[in-house]
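Peer 1: Predicted model and sequence follow; I will ask about them next.
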Amino acid sequence: MTQIISNLNVTELILDNPIGEDNPPLLFPSNPNNNQKISTQHGLQLSDFDINWQDRLHDIQLDKFVNDGWIVIDDVFANKALLALQAESGFIDYREATLTAGIRISDIRGDKIRWITEKFFAGFYYLQSINALAALFNRSLFAGIRHSEAHYACYPVGFGYQWHSDNPAGRDERVISAVFYLNDEWATSDGGALEIVDKQGVHHHVMPVANRLIIFDSDLQHQVQIAHRQRYSIATWMRRDGLVPFVDENS
Ligand SMILES: O=C(O)CCC(=O)C(=O)O
Ligand SMILES: [Fe+2]
């Protein structure tokens with residue numbers, strides 16, 4: 001089992017029993033008589049993740065998205081939701097990420113991931129908020145998104161993810177990608193920038209700072225530069241294909 005302990009300073013919840021099959025981050029604690037304190041999981045509600053996306057993404061942003069293929073939104077969630085996501089990202093029993101063929105090639109991608117399912121707490125609320133964002137893209141841009149998927153990702157020190165597009169071979173399943181970042185106080189010297197080539201062919205570097213969401217056309221080429229500090233994020237895709245309940249956790 002891979003255990004990655006968060007380097008985020010936000011949590012005292014670091015456990016020797018990380019989230020896993022026998023210790024799920026459930027909406028409802030599995031054992032109600034268990035006195036174990038899971039403070040972030042208490043009192044967190046879907047409404048804490050409510051965002052008026054329409055307000056956040058006014059017309060200029062949508063025009064920029066259409067023309068350049070990407071936009072950034074900062075200060076996305078209120079503190080409570082952000083802290084819950086940061087804390088959850090620190091407890092997860094991460095799995096080795098694979099490429100499409102199911103083979104892990106750590107020279108190409110070095111992240112460790114965990115798909116978000118309905119068993120997650122903050123992550124599942126996050127996904128529902130993203131679904132609301134997808135609905136806005138459908139209304140405004142006729143994006144035709146039918147569902148979203150997301151995984152927590154952790155890049156250990158010394159790892160990145162080489163150039164790729166999230167919609168390989170133009171399969172048109174992943175339409176829009178979004179990455180939400182979780183590390184507080186990320187400095188340029190920490191590396192780990194997302195480098196992305198926009199629709200005009202211009203290169204941009206986006207630092208993975210907490211509470212930032214980058215949204216981009218899944219066709220765009222991008223890479224994660226080598227991180228010099230453990231780097232936490234939620235990689236998210238809005239998809240055009242039919243609803244699959246949840247991705248197989250072991251895939
Ligand atoms: O974490 C990032 O900035 C991008 C991750 C990514 O490109 C991916 O998971 O496909
Ligand atoms: Fe990607």
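Peer 2: That came through, no problem. Ligands and ions are numbered 1, 2, ... in the order given.

Peer 1: How about the secondary structure of residue 184?
Peer 2: Under the three-state scheme (DSSP: H, G, I helix; E, B strand; the rest coil), residue 184 adopts coil.

Peer 1: do residue 211 as well
Peer 2: The three-state label given to residue 211 by three-state DSSP is coil.

Peer 1: burial measure for it, as a count.
Peer 2: Residue 211: 19 surrounding residues under other Cβ atoms under 10 Å. All C-beta atoms are positioned from the backbone trio N, CA, C, and that covers glycine.

Peer 1: Enumerate every residue touching it.
Peer 2: 74-77, 82, 181 (Cβ atoms under 8 Å, 6 or more residues apart in numbering).

Peer 1: need the strands for this structure, in chain order.
Peer 2: Per DSSP state E, the chain carries strands over the ranges 70-73, 95-96, 112-115, 147-155, 161-164, 174-181, 194-197, 203-206, 213-217, 222-224, 231-239.

Peer 1: would CSV of the ones you listed with mean neighbour count, distance to ligand 1 and mean pLDDT be doable?
Peer 2: Shown next, in CSV, are the strands of the chain (neighbours: other Cβ atoms under 10 Å; distance: least, Cβ to the nearest ligand atom, whole Å; pLDDT from 0 to 100):
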stretch, mean neighbour count, distance to ligand 1, mean pLDDT
strand 70-73, 18, 11, 96
strand 95-96, 14, 14, 75
strand 112-115, 22, 8, 87
strand 147-155, 23, 6, 91
strand 161-164, 15, 5, 91
strand 174-181, 23, 4, 96
strand 194-197, 19, 4, 98
strand 203-206, 13, 7, 98
strand 213-217, 22, 7, 98
strand 222-224, 22, 5, 95
strand 231-239, 24, 4, 94
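
Peer 1: Tell me which of those sits nearest to residue 131.
Peer 2: Nearest to residue 131, of all those, is strand 147-155, at 5.4 Å by Cβ to Cβ.

Peer 1: how far off strand 174-181 does the closest one point, in degrees?
Peer 2: Calculated by axes from the mean of the first three to the mean of the last three Cα atoms, to 10 degrees, strand 147-155 forms an angle of 40 degrees with strand 174-181.
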